[in-house]
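# Here is the input, now give the coordinates:
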Amino acid sequence: MNCYKADPVSRENIRRFIRGLKRKVGLEYELYFPILPFVENVLPLLIPDFQFEVVPENEMGGKHGETYPSKNIMRIREDVYLRAAAGEGRDRLTIAHEVGHLFMHEDDSIALCRLAPYEQLKPFEDPEWQADAFGGELLASSYLIKGMTEFEVQEKCGVSSSAAHVQLNTLRRK
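The predicted structure follows:
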C-alpha cells in the first residue's frame with residue numbers, strides 16, 4: 001500500500017503551535033475562531049506570497065479543498081466556502097484543516113512510502129491526521145474548552161458535534 005508519511009508531530013506540539021499563532025494574531029482567547037477572515041486577511045500578512053482560491057464545484061469535483069504548501073496556495077471548493085461563511089462547522093473545519101497543511105507540510109516534510117503488509121502508519125506521522133488535529137485545535141482550542149460540554153463547544157466554537165466530541169475526548173485522554 002502506498003501512503004504519505006509526514007515528519008512526526010505530537011498533538012501537544014500542534015497545541016503549542018496553535019496557541020503561539022493565535023497569540024501572534026491577537027486571537028488567543030477567542031472561542032470562535034474567525035477562520036475565513038483569518039485565511040483571507042491575516043494569512044497574506046503572515047505569508048506574503050499566499051494565494052487563496054475559491055473554485056467552482058465542477059472544477060474540484062469531490063475534493064473539498066487542497067493545499068500546496070510549497071507554493072503557498074490553498075484552494076477551497078465554492079460550496080464549502082459558502083457554507084463556512086454561513087458558519088457551518090464541518091466546512092469551517094475543512095478550511096482549518098487546509099490551513100494545517102499549509103503550516104505543517106512542506107515538500108521535504110512528507111514522503112511517499114510503501115508500508116509492509118503488517119505495518120500501519122502511526123497517526124502522528126499521517127499528514128491527514130496532523131491536519132485534522134491542527135484544524136480541531138485551531139477552531140476549538142483545548143486550553144479554552146476545558147470544562148465545557150460538547151454542546152457548548154459546538155455552539156461557542158462553531159464546530160460540528162463530531163469535532164466537539166473529538167476535541168473534548170483528547171482532553172480526557174491526557
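
# Helix or strand next in line after the helix or strand bottoming out on mean pLDDT in the chain, which one?
The weakest-scoring helix or strand in the chain, judged by mean pLDDT, DSSP states H and E, is strand 110-114 (a mean of 58). The element immediately downstream of strand 110-114 (helix or strand, assigned by DSSP states H and E) is helix 127-139.

# So R19 versus L27, what's the distance?
Counting by Cβ to Cβ, to the nearest Å, the separation of R19 from L27 is 10 Å. Yep, even glycine has a C-beta here, placed from its N, CA and C like the rest.

# the strands in this structure, which residues?
2-6, 51-55, 65-68, 73-77, 110-114 (DSSP state E).

# Pick the most buried one from the ones you listed.
The highest mean neighbour count among the strands of the chain, using mean count of other Cβ atoms under 10 Å, belongs to strand 73-77: a mean of 21.

# neighbouring strands for that strand, and are they parallel or not?
If you go by DSSP bridges, strand 73-77 pairs up with strand 51-55 (parallel), strand 65-68 (antiparallel).

# How about the contacts made by F38?
When contacts are counted by Cβ atoms under 8 Å, 6 or more residues apart in numbering, F38 touches V25, L27, V99.

# What is the nearest of the residues you listed to L46?
If you rank these by distance to L46 using Cβ to Cβ, V25 comes first, at 7.8 Å.

# Would you check how far apart the residue nearest to the closest one when sequence neighbours are not counted and T149 are?
Closest residue in space to V25, ignoring its immediate chain neighbours: V42 at 5.5 Å, by Cβ to Cβ, 6 or more residues apart in numbering. Using Cβ to Cβ, V42 is found at 30 Å from T149.

# how about the CA coordinates for stretch 44-62, as PDB?
The C-alpha trace of stretch 44-62 is given here as PDB (Å, rounded to 0.1, in the frame of the first residue of the first chain):
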ATOM      1  CA  PRO A  44      -1.500  37.100   3.300                       C
ATOM      2  CA  LEU A  45       0.300  39.200   6.000                       C
ATOM      3  CA  LEU A  46       2.000  36.100   7.600                       C
ATOM      4  CA  ILE A  47       2.800  34.600   4.200                       C
ATOM      5  CA  PRO A  48       3.400  37.300   1.600                       C
ATOM      6  CA  ASP A  49       3.000  35.100  -1.500                       C
ATOM      7  CA  PHE A  50      -0.100  33.300  -0.100                       C
ATOM      8  CA  GLN A  51      -2.800  32.600  -2.700                       C
ATOM      9  CA  PHE A  52      -6.400  31.700  -1.700                       C
ATOM     10  CA  GLU A  53      -8.700  30.500  -4.400                       C
ATOM     11  CA  VAL A  54     -12.400  29.600  -4.200                       C
ATOM     12  CA  VAL A  55     -13.000  27.100  -7.000                       C
ATOM     13  CA  PRO A  56     -16.300  26.100  -8.600                       C
ATOM     14  CA  GLU A  57     -17.500  22.700  -7.700                       C
ATOM     15  CA  ASN A  58     -17.400  21.400 -11.200                       C
ATOM     16  CA  GLU A  59     -13.700  22.100 -11.300                       C
ATOM     17  CA  MET A  60     -12.800  20.500  -8.000                       C
ATOM     18  CA  GLY A  61     -15.200  17.500  -8.200                       C
ATOM     19  CA  GLY A  62     -15.200  15.500  -4.900                       C
END
